[in-house]
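>>> Give the three-dimensional model of this entry:
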Amino acid sequence: MSGEQTIFESCSVDYDADDVTSLLKCIADKNDEARADLQSGLDTFYLLWAGALVYFMQTGFAMLCAGSIRSKNVSNVILWNLLDSAGGGLAFWVCGYAFAYGGDNGDGGKTFLGTKNFFLMDEDEGSYQDFFFQFAFACAVSSIVAGTIAERTQMKAYLMYSTFLVGFVYPVAAHAYWSPNGFLSAGANDQLFGAGVIDLAGSGPVHMTGGVTALIAAIILGPRRGRFYDAQTGQPLEEAYNFPPHSVALQFLGTFCLWFGWYGFNPGSTLGIGTESLGDVASLVAVNTTLAACAGAISAMFTSTFLDKMKTGIATYDVTYTMNGCLTGLVAITAGCATVSPWAAVVIGIFSGWFYLLGSYLLVKFRIDDAVDAIPVHMVGGAWGVIATGLFSSATRLKLAFDQDEHIGWFYEFNRGSGNFTMLGAQLVGVAFIIIWISVTMIPFFMFLRVMGWFRIDQLEEEVGMDLSIHKGQAYSINTPDQDKVDELNKSKSNSNYKLRGTNDNNDIQNVEEGKEVSPPDQSRHSAISIGSREA
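Below you'll find the model as predicted:
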């Protein structure tokens, strides 16, 4: 560093000390350049860091999905989540990123999708940190669907739909919402209804896209055997059978990994942190993200407890409902996290818990099998988030985050004495677009897979489990010793002189020479989890 010239020394080479005006101008210009370089570097680091947090959400999806299903299919869903990154990353590199953002030009007209930067070949089109950040978002879309169709979907079907979704379907939705040439974009010169759709981080293009895809897939694929219909006779069950999660601990780990990753998902969507205003927006986003998650969890838990109390007379506290209520709150606040006040984030979170419970109930009522309840979390939560943004966005926060305040949230419009429906109307169009676009593309796609016999696994494979059927073994290897051998060992202990070690009892070491009786260890105390004990 000692060999580098200071700004003053650099300018002194070109200007004499007598030419004070030119010298000062040179110093000011170079200082501005240095500050711009520093801000650019800081923004780049911030985006890479946020992208890493978003990518860490893949761990959350994997753990949540693995814990929610039966142990005989864990290896399968773990591999699916790995392929979301591996296969989805390649698809996004080949064409997905180009379709979403290639050829962005704020001065151009509306386009359906991007047409440049395939294989990241056009170096002047965007930047590598942008690709990394958007790649993490794209992978999340595919992972949303994985849990819904778990335990009954062929490997080839998953690979084909995941590639299609990340490489084409999602990029078109992202282009519409976020490209300056997208017809819904709030950043376009010619905004829809003069407002555009406000969605900072993707309640619509990410979560609704994944959720609607999951709904379509679940309907066409059908439920797991024994969920709504008797596995032997095929007759409808009077009450749906709930396959218990094989590990609530993994569900909890997955939920907290997702919550942690959301602090990259939402605050990172400011795409920079190098100015005071960006810092203010990102800080508000983090606070709103936190409050909506908290409110969603509390809302879902106490509401489900109240309903159980009314129905059975017994108060119960459902862990899964609580975790999914939290996730629904996170999904819902994703759209308006930069434009609503903290009190509104709490309200959005409370309603998120209620909407989640309603969506989960309706799935069972209409016999739609969602192994992890991703549909009410992401589709219902995403739609509510986009709509809620049109209700609760304030003028000051819209101005700071999106540099617009002509059209604001509907509830705030009443304070202006107008009741202007423009912004809420644009948000409703955004919701409708996702539903229509996903339906037009994914219904024929999944129907094609079904007609070709590529969608659902064989009945016997489903009964045995996909881990044994196609992955060369179970995820868990917990072998119980032969009881005759255990009895033989216990008998030998009573007739020999040696020390028994390794139990957790107070009498861990039994010395037979002292005449103390050796008891066999309590096998039940060494099992932290019951694997497969309630497999269907």
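>>> Please tell me how far residue 352 sits from residue 289.
12 Å (C-beta to C-beta, to the nearest Å). The C-beta positions use only the backbone N, C-alpha and C, and glycine is treated the same way.
>>> Let me see the mean pLDDT of the helix ranked longest in the chain.
If you go by DSSP state H, the chain has its longest helix at helix 20-68. Regarding helix 20-68, the rounded mean pLDDT is 91.
>>> For the very next helix or strand once past it, C-alpha coordinates in CSV please.
Later in the chain than helix 20-68, the nearest helix or strand by DSSP states H and E is helix 74-91. Extracted C-alpha coordinates of helix 74-91, given in CSV (Å, rounded to 0.1, in the frame of the first residue of the first chain):
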residue,chain,number,x,y,z
VAL,A,74,-35.8,-40.1,2.7
SER,A,75,-32.9,-40.8,0.3
ASN,A,76,-35.1,-40.1,-2.7
VAL,A,77,-36.2,-36.6,-1.6
ILE,A,78,-32.6,-35.8,-0.5
LEU,A,79,-31.4,-36.6,-3.9
TRP,A,80,-34.2,-34.5,-5.5
ASN,A,81,-33.1,-31.5,-3.5
LEU,A,82,-29.5,-32.0,-4.6
LEU,A,83,-30.6,-32.2,-8.2
ASP,A,84,-32.6,-29.0,-7.8
SER,A,85,-29.3,-27.3,-7.5
ALA,A,86,-27.2,-29.4,-9.9
GLY,A,87,-29.7,-29.8,-12.7
GLY,A,88,-31.6,-26.6,-12.0
GLY,A,89,-28.3,-24.6,-12.0
LEU,A,90,-27.3,-25.9,-15.4
ALA,A,91,-30.8,-25.2,-16.8
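>>> can you list the residues that contact helix 74-91?
Here helix 74-91 makes contact (C-beta atoms under 8 Å, 6 or more residues apart in numbering) with 55, 58, 61-62, 65-66, 69, 135, 138-139, 142-143, 146-147, 150-151, 155, 158-159, 162-163, 166-167, 246, 466-467, 470-471, 473-476.
>>> Same check on stretch 43-62?
Under C-beta under 8 Å, 6+ apart, the answer for stretch 43-62 is 77-78, 81-82, 84-85, 127, 129-130, 132-133, 135-137, 139-140, 143-144, 146-147, 253-265, 267-269, 271-274.
>>> Could you tell me how far the longest helix of the chain lies from the centre of the chain?
With C-alpha atoms, centre = their mean, to the nearest Å as the basis, helix 20-68 stands 22 Å off its chain's centre.
>>> just stretch 15-23 next, same as before
58 Å.
>>> same thing with stretch 419-437?
23 Å.
>>> circling back: how big is the angle separating the longest helix of the chain from helix 74-91?
With axes from the mean of the first three to the mean of the last three C-alpha atoms, to 10 degrees defining the directions, helix 20-68 sits at 150 degrees from helix 74-91.
>>> Closest to the centroid, which residue in this protein?
residue 140 (5.2 Å; C-alpha atoms, centre = their mean).
>>> got the contact list for residue 258?
Contacts of residue 258 (C-beta under 8 Å, 6+ apart): 57, 60-61, 64, 327, 330.
>>> switch the cut-off to 7 Å
57, 60, 64, 327 (C-beta atoms under 7 Å, 6 or more residues apart in numbering).
>>> and which of the residues you listed is nearest residue 484?
Of all those, residue 484 sits closest to residue 64, with 41.0 Å by C-beta to C-beta.
>>> how many neighbours does the closest residue to that closest one other than its chain neighbours have?
Spatially, and ignoring its direct neighbours in sequence, residue 64 is nearest to residue 254 (2.8 Å; C-beta to C-beta, 6 or more residues apart in numbering). By other C-beta atoms under 10 Å, 26 other residues sit near residue 254.
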